[in-house]
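K.L.:
fold the following and give me the result.
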Amino acid sequence: MVKVLYPGSFDPVHNGHVEIVSTASKLFDEVVVAAMRNPQKGAPLFDIDERRELLEASLAHLPNVTVTQFSALVVDLARDLGADMIIKGLRGVSDFESELLMAQMNRAVSGMITVFIPSTSSDSYIASKFVREIHRYGGDVSGMVPPPVAEALRRRRSESP
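P.N.:
Now for the predicted structure:
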């Protein structure tokens, strides 16, 4: 039985993330998706508990996927969960450059292997930072995010002054 960990900030989770998790769920026995707070990304749109809930709602159709949250080193979480490897999604060359360095660092400090899953869909251009920016300026991102996230964004907009 192979268990993998898919860590990320998921702020918010978008259709590209769902594609990567769906692919991983076909390749591996168990997928754990872990939402984290990344201080390098500035103030989050959704807090960590909201992101976990949105991930759970957006991935509920995948029976071998579970969701957690964390605020530690990814390799420590992987070890604590008994994960066999880490997975990361790739949209393009720029993702590969940064993710490769992280994968090499993780391997050096823990021996943990990272497997890259390339995006193959028409959603490969979507990034959470673009979704946040479009939403912030009143744009419609409902075609880029799962329905639970679109609803949460609508609620957030209607609650804003």
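K.L.:
and the strands in the chain?
P.N.:
Secondary structure of the chain (DSSP state E): strands located at 3-8, 30-36, 65-70, 85-90, 114-118.
K.L.:
can you lay out those as CSV showing distance to residue 22?
P.N.:
Quick note: C-beta positions are derived from backbone N, CA and C, even for glycine. Output for the strands of the chain, formatted as CSV (distance: least, Cβ to Cβ, whole Å):
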stretch, distance to residue 22
strand 3-8, 11
strand 30-36, 9
strand 65-70, 9
strand 85-90, 11
strand 114-118, 10
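K.L.:
out of the ones you listed, nearest to residue 132?
P.N.:
Nearest of the strands of the chain to residue 132, taken as Cβ to Cβ: strand 3-8 at 14.1 Å.
K.L.:
what lies in contact with the closest one?
P.N.:
Strand 3-8 is contacted by residues 17, 20-21, 24, 28-36, 70, 74, 77-78, 81-89, 115 when judged by Cβ atoms under 8 Å, 6 or more residues apart in numbering.
K.L.:
ok, now stretch 89-105?
P.N.:
So stretch 89-105 is contacted by 6, 16-17, 19-20, 86, 88, 113-114, 116-119, 124-125, 127 (Cβ under 8 Å, 6+ apart).
K.L.:
ok, so of the residues you listed, who is nearest residue 49?
P.N.:
Minimum distance to residue 49 across the contacts of stretch 89-105 is 17.7 Å, recorded for residue 17 (Cβ to Cβ).
K.L.:
could you report the neighbour count for the closest residue to residue 56 other than its chain neighbours?
P.N.:
Once flanking residues are discounted, residue 56 sits nearest to residue 67: 4.8 Å by Cβ to Cβ, 6 or more residues apart in numbering. Around residue 67 there are 23 other residues, counting by other Cβ atoms under 10 Å.
K.L.:
also residue 22?
P.N.:
Using other Cβ under 10 Å, residue 22 has 16 neighbouring residues.
K.L.:
just the helices in the chain please.
P.N.:
15-27, 48-58, 74-81, 93-110, 128-136, 147-159 (DSSP state H).
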